[in-house]
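In: from the sequence below, what's the structure:
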Amino acid sequence: MNLDAVLDDYLAHVKSERGYSNHTVAAYRADLADLLSFAEQRGVTTPDGIDLVMLRDWLWAATERGLARATIARRAASARGFTHWMSRRGDLASDSGARLRAPRAQRTLPRVVGAPALDAALARLATRAVGGEPVAVRDVAIAELLYASALRVSELVGLDVGDFDRRRRTVRVTGKGSKERVVPYGAPAARAIDRYLESARPAMLEGRTPTTAAFVGARGARMGTRSVYRLVASILEDIPGSGPSGPHAFRHTAATHLLDGGADLRAVQEFLGHASLGTTQIYTHVSAERLKESYRTAHPRA
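Out: Residues are numbered from 1 along each chain as shown. Below is the predicted model of the structure:
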């Protein structure tokens, strides 16, 4: 079997059996298509030609092209998953990628917005919705929920109306790997969500095809991630600070504020839907850096 057919089988495997999202599958496809193109240039067209030397050369070529260390690390992980699966299936006599290593990706601290600045931004958003314009009301609900429940953007746009338990102020979320979790949200988010679901959403769907989607666009279809990115970027554009201005900034901010407020790290891990506690620990570093900055600014002997 040629490599293109093997790759198609592998991508079908990670999507159907591992429950990977379309976004993750697309990232795997891009990484491994580059690997197969590199292999073809070397005359390799079948799985048994993918050995450790070729994999290392592939990563070295990526380094020479100036790709970021994080990208190279991700490609190495994609290749290891692919060769492991091929060896288990019998396409490879042994797992050639098991000993493949890549430079450790540099972990940068995520952007965190201060509570006063975020409160002011949300207040400005709410002011625009005072008149009841449906899109403005929806935008307030989205922003409040992103901050209240620290959702990933893919989780938010995937919500259905039935996922909300408005009496308990919780929402059922389908996260990475199709894993479900139930997360709470507070009173401000509850008021915004109730207003949106009771008045704005019906107005946006009037005369249109019914849908179960919680958050809909101007044409009545389920919102996409790009629309949410644009909304969050517009909210954060006037707030000082470096780093990305996408929906993940709300997620980072919520997690950091929880830890600053004394929340248990494992509780925050469950809240965020992280498979590994190590992923959640980045927010302890954020809190420590914020403390150091406050110390340097305020302490007379800093």
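
In: so Val6: helix, strand or coil?
Out: Three-state assignment for Val6 (DSSP: H, G, I helix; E, B strand; the rest coil): helix.

In: what sits against it?
Out: Counting by CB atoms under 8 Å, 6 or more residues apart in numbering, Val6 makes contact with Pro47, Met86, Asp91. Where you see a C-beta, it was placed from the backbone N, CA and C, and this is true even at glycine.

In: just the pLDDT for it.
Out: What the model reports as pLDDT for Val6 is 92.

In: coming back round to it: from the contacts of Val6, which is closest to Asp31?
Out: Asp31 has its nearest neighbour among those in Met86, at 14.9 Å by CB to CB.

In: in what helix or strand does the closest one lie?
Out: Taking DSSP states H and E as the definition, Met86 sits inside helix 69-89.

In: pull the residues that contact that helix.
Out: The contact list for helix 69-89 (CB under 8 Å, 6+ apart) reads 6-7, 10, 13-14, 27-28, 31-32, 34-35, 47, 50, 55, 58-59, 62-63, 92-98, 100-106.

In: swap in 7 Å and give it another go.
Out: With CB atoms under 7 Å, 6 or more residues apart in numbering as the contact definition, helix 69-89 has outside contacts at 6, 10, 13, 28, 31-32, 35, 47, 50, 55, 59, 62-63, 92, 94-98, 100-106.

In: mind checking how far it is from the chain centre?
Out: Here the centre of helix 69-89 is set off from its chain's centre by 20 Å, with CA atoms, centre = their mean, to the nearest Å.

In: and the average pLDDT for that helix is what?
Out: 92.

In: helix or strand right after that helix?
Out: helix 115-128.

In: now that following helix: buried residues?
Out: Across helix 115-128, burial judged by 16 or more other CB atoms under 10 Å covers Leu118, Ala121, Leu122, Leu125, Ala126.

In: which non-adjacent residue is nearest Pro240?
Out: Excluding the flanking residues, the one nearest Pro240 by CB to CB, 6 or more residues apart in numbering is Ala117, at 7.7 Å.

In: so who does Tyr28 touch?
Out: Leu11, Val14, Ser78.

In: name the nearest of those residues relative to Thr209.
Out: Nearest member of the contacts of Tyr28 to Thr209, counting by CB to CB, is Leu11, at 31.3 Å.

In: what confidence value was assigned to that closest one?
Out: On the pLDDT scale, Leu11 is placed at 94.
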